[in-house]
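Colleague: Need a 3D model of the following:
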Amino acid sequence: MQLNGKKASTLVELRRGDEATIQALDLPEDITRRLMELGFLPGGSVRAGRSAPGGDPRVFEVDGSEIALRRETAAHIQVELR
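Modeller: Residues are numbered from 1 along each chain as shown. Sure, this is the predicted structure:
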C-alpha cells in the first residue's frame, strides 16, 4: 500500500531498526487510549527494536521509551515508513 508516495504498513511489518510515523490505531477504544498514553500517537515516531525468541512480543521505541507489544496488537497500528 502507498500513502503519500511512501510505503504504508503496520508495526508488525517493520524490521529491526526501521523508523516510521504512526498513522492510526485500529483497536478497541480502551486499548487505543492506553497505547496513546504510552506515546503511540498519530503523527508520532516509532522505531522497531528487538523481539523475544520466536518473535513475540516485540519491542518498539516510542517517545523515549521501549514498549513491548504482542503481534496481535502491533498488527492494528498503521504506520508510514520514513
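
Colleague: who does the longest helix along the chain touch, helix- and strand-wise?
Modeller: Secondary structure assigned by DSSP state H gives helix 29-37 as the longest helix of the chain. Applying 3 or more CB pairs under 8 Å, 6 or more residues apart in numbering; DSSP states H and E, one finds that helix 29-37 contacts strand 19-25. (Each C-beta comes from the backbone N, C-alpha and C, glycine too.)

Colleague: Restricting to C-alpha, output the strand it packs on in CSV.
Modeller: The C-alpha trace of strand 19-25 is given here as CSV (Å, rounded to 0.1, in the frame of the first residue of the first chain):
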residue,chain,number,x,y,z
GLU,A,19,11.7,4.1,11.7
ALA,A,20,8.1,5.1,10.9
THR,A,21,5.4,7.6,11.6
ILE,A,22,2.3,6.4,13.3
GLN,A,23,-0.8,6.9,11.1
ALA,A,24,-3.7,5.3,13.0
LEU,A,25,-4.6,2.8,15.7
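
Colleague: what mean pLDDT does that strand have?
Modeller: Averaged over strand 19-25, pLDDT sits at 96.

Colleague: where along the protein do the helices fall?
Modeller: Using DSSP H, helices in the chain cover 29-37, 71-74.

Colleague: Of all the ones you listed, which one is nearest E13?
Modeller: helix 71-74 (9.1 Å; CB to CB).

Colleague: All set, thanks.
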